[in-house]
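In: Provide a 3D model corresponding to the input given below.
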Amino acid sequence: MERTLVIIKPNAVQREIIGEIISRIEKRGFKIIAMKMFLITKELAERHYREHMGKVFYNELIDMITSGPSVLMILEGENAVEVVRNMCGATDPRKALPGTIRGDYGMRITQNIIHASDSISASESEIEIFFREEEIVDYRLAAEPWI
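Out: The predicted structure follows:
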């Protein structure tokens with residue numbers, strides 16, 4: 001099973017749509033194996049967005065993600081990275097299709113509600129930034145076979 005990091009960003013927390021987003025994730029069949037509400041520090045944000053350093057929108061990304069609490073989750077499931085990215089929709093909410101999280105709730109490219117890892121390697125490094133191994137819980141969903 002693949003794992004992916006999801007961050008429900010501060011603008012989604014402030015708009016009180018955390019439950020809507022988590023509900024979509026659960027209904028799709030992903031297992032939430034870690035979750036916490038967290039104020040992302042500037043240092044963690046800079047590590048997380050390091051590939052965007054020097055880009056025009058970098059400072060706005062850092063300011064947004066540190067502007068209030070985020071809800072961070074590790075999801076587990078088949079093809080988790082690809083499927084969750086598709087659920088999120090295009091990074092620019094103006095280009096995201098209706099029915100995707102960003103298409104339904106996003107406002108601007110830097111206010112796009114949610115982050116999801118874009119590759120397995122990114123997922124691994126991003127999870128390492130925000131979670132300790134002891135925060136990850138292994139359990140069985142009711143729909144999983146009892147082997």
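In: for the strand or helix carrying residue 23, the distance to its chain's centre please.
Out: Take DSSP states H and E as the rule and residue 23 turns out to sit in helix 18-28. In terms of Cα atoms, centre = their mean, to the nearest Å, the centre of helix 18-28 is set 12 Å apart from its chain centre.
In: What lies in contact with that helix?
Out: Residues from elsewhere that reach helix 18-28 (Cβ atoms under 8 Å, 6 or more residues apart in numbering): 6, 8, 12, 32, 71, 73, 75, 77, 83-84, 87, 101, 105, 113-114. Where C-beta positions appear, they are placed from N, C-alpha and C, glycine not excepted.
In: Residue 114 and residue 5 touch, don't they?
Out: No: assessed by Cβ atoms under 8 Å, residue 114 is found out of contact with residue 5, at 10.9 Å.
In: what's around residue 12, how many residues?
Out: 23 (other Cβ atoms under 10 Å).
In: Give me the nearest residue to it, chain neighbours excluded.
Out: Excluding the flanking residues, the one nearest residue 12 by Cβ to Cβ, 6 or more residues apart in numbering is residue 113, at 4.6 Å.
In: now that neighbour: how far from residue 6?
Out: Residue 113 sits at a distance of 11 Å from residue 6 (criterion: Cβ to Cβ, to the nearest Å).
In: Check residue 122 too.
Out: Remark: distance between residue 122 and residue 6 (Cβ to Cβ) = 12 Å.
In: which of the two has more neighbours?
Out: residue 6 (28 against 16).
In: Please work out how many residues are found near the nearest residue to that one once chain neighbours are set aside.
Out: In space, and not counting its chain neighbours, residue 6 is closest to residue 73: 4.7 Å by Cβ to Cβ, 6+ apart. With neighbours defined by other Cβ under 10 Å, the count for residue 73 comes to 23.
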